[in-house]
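K.L.:
Got a predicted structure here, sequence first:
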Amino acid sequence: GAGVSQSPSNKVTEKGKDVELRCDPISGHTALYWYRQSLGQGLEFLIYFQGNSAPDKSGLPSDRFSAERTGGSVSTLTIQRTQQEDSAVYLCASSLGGPAYSNQPQHFGDGTRLSIL
Amino acid sequence: LAKTTQPISMDSYEGQEVNITCSHNNIATNDYITWYQQFPSQGPRFIIQGYKTKVTNEVASLFIPADRKSSTLSLPRVSLSDTAVYYCLVGPRRMGNQFYFGTGTSLTVIP
């Protein structure tokens, strides 16, 4: 079956531009997660959705970052007025159940590599 | 918070058994322990998950002591293709909704 799909796979943009990253989770997965991974670093949690709602947005690095999920499926992560420190790989994952069911493993996409010039 | 601590890197020769330990002193009663493998330019991939004692699947074993404050991922007879970064993840704290992957352990398998 289809896994988690992210697009674009690579994105190069100029500082100050807005970017939109898309995540298409595995069908039927109710929970969706966004992470950021800088070069050679571990995973930094950004936000998760249970259905269409995000209970905790405190992991987002700044108010330039926002995320939404509609129809309990596709999610978009938007970064406004991009800065060079935003350069990283942005990973999306989905799971069958939400965090209350921590025995549901997360399934990851291969990420969007974002480069800010 | 259920943060984790792992060794930053490990080297092993092909054919040897590799054990990677993760410390998670603040694990909560309902938390499971999950291990992931990540190759360059790919997202992490689920390897194994457990709650207590020992779990084994076709690729790895997971040992969890009675106090559950640590866990050990065991990879039998590693090959060059097992060179990757390995992360352990413990479920979120009840009152929070954060997920903390550890820094990961970079395993290099040497011919």
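P.N.:
Thanks, I have the structure now.
K.L.:
Which helix or strand contains the residue nearest to residue B:60 when sequence neighbours are not counted?
P.N.:
Sequence neighbours aside, residue B:48 is the residue nearest to residue B:60 in space, at 4.9 Å (criterion: C-beta to C-beta, 6 or more residues apart in numbering or on different chains). Placement of C-beta: from N, CA and C, glycine included. Per DSSP states H and E: residue B:48 is located in strand B:45-50.
K.L.:
May I have the helix or strand just after that strand exported as CSV, CA atoms only?
P.N.:
Downstream of strand B:45-50, the next assigned helix or strand under DSSP H and E is strand B:53-56. The C-alpha coordinates for strand B:53-56 follow below in CSV (Å, rounded to 0.1, in the frame of the first residue of the first chain):
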residue,chain,number,x,y,z
THR,B,53,10.6,-7.8,29.1
LYS,B,54,11.7,-9.0,25.6
VAL,B,55,10.3,-8.6,22.1
THR,B,56,11.8,-10.2,19.0
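K.L.:
The lowest-mean-pLDDT helix or strand in chain A close to chain B?
P.N.:
Ranked by mean pLDDT, DSSP states H and E, the helix or strand of chain A with the weakest confidence is strand A:44-50, at a mean of 89. Yes: for strand A:44-50, a contact with chain B is found by C-beta under 8 Å from any C-beta of the partner chain, at A:45, A:48.
K.L.:
In space, not sequence, find me the middle residue of chain A.
P.N.:
Nearest residue to the geometric centre of chain A (C-alpha atoms, centre = their mean): residue A:34, 3.0 Å.
K.L.:
Look up which residues are beta-bridged to residue A:37.
P.N.:
Beta-bridge partners recorded for residue A:37 (DSSP bridges): residue A:89.
K.L.:
Run a quick neighbour tally on it.
P.N.:
20 (other C-beta atoms under 10 Å in any protein chain shown).
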